[in-house]
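> Quick one, structure for this:
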Amino acid sequence: MIFSLLDLGTKKGDIAFIHLPNLAELWYLRVAFSKMGIIEARIGENYRETGIAHRLEALKPDILIMPSEFRGLNYVALYREMFRNAHKPKYIFVIGEPITLNFAQKKGDRPVFI
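Predicted structure coming up:
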């Protein structure tokens with residue numbers, strides 16, 4: 001994922017919105033973001049629509065990293081619905097099973113799967 005971020009043109013000062021449970025990937029990302037100069041905004045896995053939407057609007061992140069599913073919650077469906085009214089990051093990374101996002105990406109944008 002780190003090389004994908006570099007290939008996509010992320011840069012020092014970009015904001016990454018991390019909505020992951022306490023997985024090994026989270027800690028790898030935190031170290032990599034620190035080295036790359038990417039600002040990390042982490043949100044706990046217990047947050048839902050209202051709290052997430054508020055933070056997306058306040059932070060306007062460039063990157064979103066989320067699980068495809070955790071503890072029975074489909075995060076992709078949750079975010080798909082929220083992006084109708086909330087800020088949509090330029091890059092979206094999904095950790096887990098490959099799925100179809102259909103986030104109405106702008107032409108040329110593409111999600112990255114891990």
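
> Packing partners of the helix ranked longest in the chain?
Longest helix in the chain by number of residues (criterion: DSSP state H): helix 24-36. Applying 3 or more C-beta pairs under 8 Å, 6 or more residues apart in numbering; DSSP states H and E, one finds that helix 24-36 contacts helix 2-8, strand 15-18, strand 39-42. (C-beta placed from N, C-alpha, C; glycine too.)

> Turn these into a markdown table, including distance to residue 89 and mean neighbour count.
As requested, the helices and strands packed on helix 24-36 are exported to a markdown table (distance: least, C-beta to C-beta, whole Å; neighbours: other C-beta atoms under 10 Å):
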| stretch | distance to residue 89 | mean neighbour count |
| --- | --- | --- |
| helix 2-8 | 12 | 14 |
| strand 15-18 | 6 | 21 |
| strand 39-42 | 11 | 16 |
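
> Including distance to residue 55, could the ones you listed go into CSV?
Formatted as CSV, those follow (distance: least, C-beta to C-beta, whole Å):
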stretch, distance to residue 55
helix 2-8, 20
strand 15-18, 7
strand 39-42, 7
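
> follow-up on the earlier one: buried residues in the longest helix of the chain?
Buried residues in helix 24-36, defined by neighbour count with 16 or more other C-beta atoms under 10 Å: 25, 29, 32-33, 36.

> For residue 61, which of the helices and strands packed on helix 24-36 is the nearest?
strand 15-18 (3.8 Å; C-beta to C-beta).

> State the pLDDT value of the residue lying closest to residue 34 once chain neighbours are set aside.
Spatially, and ignoring its direct neighbours in sequence, residue 34 is nearest to residue 40 (7.8 Å; C-beta to C-beta, 6 or more residues apart in numbering). Residue 40 carries a pLDDT score of 95 in this model.

> now do residue 4
Residue 4 is given a pLDDT of 79.

> Same check on residue 22?
84.

> Give me the three-state assignment for the residue nearest to the spatial centre of the chain.
Taking C-alpha atoms, centre = their mean as the criterion, residue 64 is the residue nearest the geometric centre of the chain, at 1.6 Å. What DSSP: H, G, I helix; E, B strand; the rest coil gives for residue 64 is strand.
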